[in-house]
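S.K.: Compute the structure for the input listed below.
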Amino acid sequence: MGPYLLDSDDPKSKTLASAHARNEEFGPDNCYTCHRDYGAFSTVMTKLGGMRHVYEYYTHYYKVDVDTAVHEIEVYKPIANASCTSCHSTQVQSWLAVGDHRSSLENLRSGKVSCVSDGCHGPSHPFSKPKRKPEVQP
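M.R.: Next up, the predicted model:
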């Protein structure tokens, strides 16, 4: 998690993670605020997700250097739009005043479009990458 934390804490970084980390509203919990699950069992599910990170680290990445890990590790669960819309309401006029927001509202709410996709605000961290699709064998 080191490279992600360094990016988030870098005052010169232009990434979403760093911009949110500098926002007073997040305080010291900026990572948790964006990465937590939402819903009735949000805290429990978030803790279980964290335990999956521990499992993956000790079973796959314990002896891997950081450069290799950054290249190989991929998102196993995309950031849900609820992580963004819990703070950025899709109903306020300032949000709706952005043409791209208005035109993609239905797809955003349905999950067809991600706030952190390349066509929108981009990945939260510079080395975040979606899960690779398995290659189809002929």
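S.K.: Now do the same contact list for the residue nearest the centre of the chain.
M.R.: Residue closest to the mean C-alpha point of the chain, counted by Cα atoms, centre = their mean, is Ile79 at 4.4 Å. Residues near Ile79 by Cβ atoms under 8 Å, 6 or more residues apart in numbering: 34-35, 114-116, 124. Quick note: C-beta positions are derived from backbone N, CA and C, even for glycine.
S.K.: Mind checking which of the residues you listed are buried?
M.R.: Among the contacts of Ile79, the ones that count as buried by 16 or more other Cβ atoms under 10 Å are 34-35, 114-116, 124.
S.K.: where does the protein have low pLDDT?
M.R.: 128-138 (pLDDT under 70).
S.K.: for this structure, longest helix please?
M.R.: helix 42-56 (DSSP state H).
S.K.: Buried ones in that one, by neighbour count?
M.R.: In helix 42-56, counting by 16+ other Cβ under 10 Å, buried: nothing.
S.K.: Kindly report the same for stretch 13-29.
M.R.: So, applying 16+ other Cβ under 10 Å, buried residues of stretch 13-29: 13, 15-18, 20-21.
S.K.: quick one: which of these sit in helices?
M.R.: Among the buried residues of stretch 13-29, the ones falling in helices (DSSP H) are 16-18, 20-21.
S.K.: Using the three-state scheme, assign Leu5.
M.R.: helix (DSSP: H, G, I helix; E, B strand; the rest coil).
S.K.: count of residues packed around the nearest residue to Asn107 once chain neighbours are set aside?
M.R.: Counting by Cβ to Cβ, 6 or more residues apart in numbering, Asn107 lies nearest to Val113, which is 4.0 Å off, once chain neighbours are set aside. When neighbours are counted by other Cβ atoms under 10 Å, Val113 registers 16.
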